[in-house]
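*Asks:* could you look at this predicted model? Sequence included:
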Amino acid sequence: MRIRILCLSAAIFFGISLGASRAGSLRIISLGPALTESVFTLGVSDQLVGVTTYCTKPVQAQEKDKVGAAVEFNVEKVLTLNPTLVLATSLSDPKSVAKLQSLGINVEVFPAARSFNQLCEEFLRLAALIGEQEKAETILTKVRAEVEDIRGKTSVLPKPSVVVQAGANPLWVVPQDYFINDFIEYAGGENIIPAGNGHFSREKILGLNPDVIIITTMGIVGDEEKQKWEQYRSINAVKNRRIYIVDSDKFCSPTPEGFVETLKETVKLLHPEYEE
Amino acid sequence: MKNKTVQWFCYTGSFLALLLGIGVLSLCVGSAGIPVKDVLSILFDKQGLSVQHSILMDVRLPRIILGIAVGGSLSLAGVILQGLFRNPLVEPYTLGVSGGAALGVALSILLGLHHWMGWTLPLFGFTGALGVIGLLYMLNARRGIVRLQGLLLNGVMLSFIASSLVMLILSLSRAEDAHGIIFWIMGGLDEPQWSVIRVAILGGITALAVSFCFVRDLNAISLGEEEAKHLGINVEKTKRVLFLMTAFLTGLSVSVSGMIGFVGLVVPHAVRMIVGSDYRLLLPSAFLGGGAFLVFCDMLARILIMPQELPVGVMTGILGGSFFIYALSRLENG
């Protein structure tokens, strides 16, 4: 009997110490598709306990518990999952974020990056929170090298002037202090919309005579917008048939690795003559 | 007289019971899936450290209390304004007070002031509402006489101007800020700070008490302003006090919870159908009924598409509007 108790207590002891050694692992909830992707990239997806309905990449993310959509998320659901770290974006409902923080939950807000460098910094910050800095550094070194390589090769090519349209009614084009600008610049193009809020009239853009117009998909509106531009035969983009429609997901919520992929695609659009 | 007192306790008691019932129901359901039979034991759990306790006390309870405060305030403001103007289409938002609040919030987000702390947005919203109230009062009060028709028309115009200015700010601001403004306008009851909730519920109850001092005046005014004057009522003073009070009340609700439409229009009519047009019965019933309606809508908004949430304004609009059309057609046929 005594031996049995001894065995039992030993088993409990080992059980507890096993539990303690695994206490270093986190319970992460991600409130942004790009953040979810980054968590998977950093290889800690087993610590991810909740995502949003928009977290569709990678496919495994869709199997995780859902806590809400991009903006509205369910505070109750988050609490029931008992998280140790919540990753929020600047889109997440600020009131719900404040609520979680007031309940003592560690919420880290990742604002929308305004440049490639900021994207890298935020990736590093995420990695530091999860304890995967080394892995992140390795990934970033590789990504930066690739980006530099592309920049070096495209910088010697002639620079087409580019307008990226990301909104219709009202017309909204990407100014130089927005994230998407880096794709254009690094791919060897010139974004002719100055820094500011990006509300431009069609007249003004026609006056600037862009060589290339890139439209990010806005549902069915994308094709309609393309047809609208095509009525103006005098501008270079129409003359040379250089109006392109691209997937807005790739442009708008990237990860460092996704950045390189999208950058390569942008290079193909701006410099069809370019060979890797 | 004694008959009236019995009636008063009867109606107020039933609306109070309705509010409490919906409140308890709302406390029991949600996406966390806490079994209803465990709710009591979790609530009186002395340690109070469990996640479930926190969900009930820190997530659901504040929403319910704020729902009572905002729903009650809007409905009370609606019932008083409809009586003052003797116009069934008037609601708290008609006077442009909510537009002013939205403008204040949009400005503070555009100028980047909202990062200070949690109180900034409600404060700016309230300041905007006060601005509109002051302007309306200046435009329509001459020598202490408030011209109600002018008040209504100017209110509608100010509301248009304010919403145009909000559009202007939206078009000038960065995408992230624009998002914040739209988010605030959509409205919601998930306020993180207890202090704000306390102010809202205290404001609502104070307004109920103040307006109750004017029930006789309101009853007289519902016959017509001239008739009320002949009955010896100080009509001008009543109009002034009640207009300012309802405007404050609306400003307070809007600045705490954003724009939650329809509560201030539908609930007063529904309550009027039930209790009649005696303001002694109407005021407390409208307050309690408004609270119950908003808490109920918020509960549906929380659970209909779990784990996601709907904006509560969507629920109040759909439920309130369809109920009202139904009730009206029944009334006309019967």
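*Replies:* That came in fine, so what should we check first?
*Asks:* is the closest residue to chain A within the stretch 101-250 of chain B in a helix, a strand, or coil?
*Replies:* When distances are taken as Cβ to the nearest Cβ, the stretch 101-250 of chain B reaches nearest to chain A at B:Pro192, 3.9 Å away. The way it works is simple: take the backbone N, C-alpha and C, and place the C-beta from them, glycine included. What DSSP: H, G, I helix; E, B strand; the rest coil gives for B:Pro192 is coil.
*Asks:* what does it show for phi and psi?
*Replies:* phi -80, psi -20 (degrees, to the nearest 10).
*Asks:* how much space separates A:Thr89 from A:Ala112?
*Replies:* A:Thr89 sits 7 Å away from A:Ala112, going by Cβ to Cβ, to the nearest Å.
*Asks:* ok so, going back, and for the residue of the stretch 101-250 of chain B closest to chain A, the neighbour number?
*Replies:* 20 (other Cβ atoms under 10 Å in any protein chain shown).
*Asks:* and the pLDDT for it?
*Replies:* Note for B:Pro192: predicted pLDDT of 78.
*Asks:* check B:Asn333 too.
*Replies:* For B:Asn333, pLDDT reads 74.
*Asks:* burial count for it?
*Replies:* When neighbours are counted by other Cβ under 10 Å, B:Asn333 comes out with 6.
*Asks:* for A:Gln165, same thing?
*Replies:* 26.
*Asks:* hmm, A:Ile180 and it touching each other?
*Replies:* No: taking contacts as Cβ atoms under 8 Å, A:Gln165 lies outside contact range of A:Ile180: 10.5 Å.
*Asks:* isn't there a helix covering A:Val162?
*Replies:* No: assignment of A:Val162 by three-state DSSP gives strand, placing it outside any helix.
*Asks:* pLDDT weak spots in the stretch 1-150 of chain A?
*Replies:* A:1-24 (pLDDT under 70).
*Asks:* that one against chain B: which residues are in contact?
*Replies:* Within the stretch 1-150 of chain A, the positions near chain B by Cβ under 8 Å from any Cβ of the partner chain are A:53, A:66-69, A:71-77, A:79-80, A:82, A:90-91, A:93-96, A:98-99, A:101-103, A:111-112.
*Asks:* does the strand or helix carrying B:Lys239 reach chain A?
*Replies:* Of the helices and strands defined by DSSP states H and E, B:Lys239 is found in helix B:235-257. No: Helix B:235-257 lies out of reach of chain A by Cβ under 8 Å from any Cβ, never closer than 10.0 Å.
*Asks:* common neighbours of A:Gln165 and A:Ile180, please.
*Replies:* Common neighbours of A:Gln165 and A:Ile180, using Cβ atoms under 8 Å, 6 or more residues apart in numbering or on different chains, are A:Val174, A:Thr216.
*Asks:* quick one: low-confidence residue ranges for chain B.
*Replies:* Using pLDDT under 70, chain B drops low at B:1, B:46-49, B:114-118, B:144, B:334.
*Asks:* which parts of it sit against chain A?
*Replies:* Counting by Cβ under 8 Å from any Cβ, chain B sits next to chain A at B:30-33, B:51, B:54-55, B:58-60, B:118, B:171-174, B:176, B:179-180, B:183, B:188, B:190-193, B:302, B:306-309, B:311.
*Asks:* ok, now how distant is B:Arg280 from chain A?
*Replies:* 38 Å (Cβ to the nearest Cβ, to the nearest Å).
*Asks:* in stretch A:115-129, what counts as buried?
*Replies:* Neighbour-count burial for stretch A:115-129, counted by 16 or more other Cβ atoms under 10 Å in any protein chain shown, picks out A:Phe116, A:Leu119, A:Cys120, A:Glu122, A:Phe123, A:Leu124, A:Leu126, A:Ala127.
*Asks:* again, but for stretch B:122-130
*Replies:* Neighbour count says stretch B:122-130 has B:Pro122, B:Leu123, B:Phe124, B:Gly125, B:Phe126, B:Thr127, B:Gly128, B:Ala129, B:Leu130 buried, by 16+ other Cβ under 10 Å.
*Asks:* what residues does the helix of greatest length in chain A touch?
*Replies:* If you go by DSSP state H, chain A has its longest helix at helix A:133-155. Under the contact criterion Cβ under 8 Å, 6+ apart, helix A:133-155 has outside partners A:41-43, A:116, A:120, A:123-124, A:126-128, A:186-188, A:256-257, A:259-260, A:263-264, A:267, A:270-271, A:274.
*Asks:* give me the angle between the strand or helix carrying B:Gly204 and helix B:235-257.
*Replies:* Secondary structure assigned from DSSP H and E places B:Gly204 in helix B:194-212. Here the directions of helix B:194-212 and helix B:235-257 differ by 160 degrees (axes from the mean of the first three to the mean of the last three Cα atoms, to 10 degrees).
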